[in-house]
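Trainee: The sequence isn't on hand, but the structure is:
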């Protein structure tokens, strides 16, 4: 009987280890999100930074899902996403935590006393206060700002930091940032 228990424990343990290895997260192989502001009047370029080398940057635009090559000399500034926790999300999380805590505290309070509605309001206010205070630092810390951007400063955030692959480099020539329709350069 003892041997059967040991065999069962080993089987479950090894089965769990194999399953755990199958569920390991894969590494992200994408570049950071970037917003490029052109020097001339025109629309900003948003998307994934594929590469930055020499005087050019290659961006996979989010809206059209096409690769755009841009001369860095035609770009006034670049904002690279550092993390996704922005000021709005910090405030939202503060409100959610405050509301859930308030519900739990009000339910517990109502078991021993009457008039516990203020507990929910107070907990929600405290959550929003902490969320608001964290939002003050989350907003500016969520991106890196480069003005003017250089290939050296942007390359470390690209999918291909060593430069674009030969096929992409040969098929796409850098172009000036396009002005908006109806705008005068």
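Mentor: Alright, I've got the coordinates. Owing to the predicted nature of the structure, the values given are computational and were not obtained by experimental measurement.

Trainee: Which parts of this protein are strands?
Mentor: 33-38, 45-53, 56-61, 67-71, 75-81, 143-146 (DSSP state E).

Trainee: So what's the gap between the last one and the chain middle?
Mentor: Here strand 143-146 shows a centroid-to-chain-centroid distance of 13 Å under the convention C-alpha atoms, centre = their mean, to the nearest Å.

Trainee: Go through that strand and flag the buried ones.
Mentor: Buried residues in strand 143-146, counted by 16 or more other C-beta atoms under 10 Å: 143, 146. Just so you know, the C-beta spots here come from the backbone N, C-alpha and C atoms, and that holds for glycine as well.

Trainee: Which elements pack onto that strand?
Mentor: strand 75-81 (3 or more C-beta pairs under 8 Å, 6 or more residues apart in numbering; DSSP states H and E).

Trainee: what sits up against the strand it packs on?
Mentor: 32-39, 49, 57, 142-149, 154, 157, 177 (C-beta atoms under 8 Å, 6 or more residues apart in numbering).

Trainee: go with 7 Å
Mentor: Contacts to strand 75-81, defined as C-beta atoms under 7 Å, 6 or more residues apart in numbering, come from residues 32-39, 49, 142-149, 154, 157, 177.

Trainee: Check stretch 99-118 too.
Mentor: Contacts of stretch 99-118 (C-beta under 7 Å, 6+ apart): 119, 120, 123, 124, 127.
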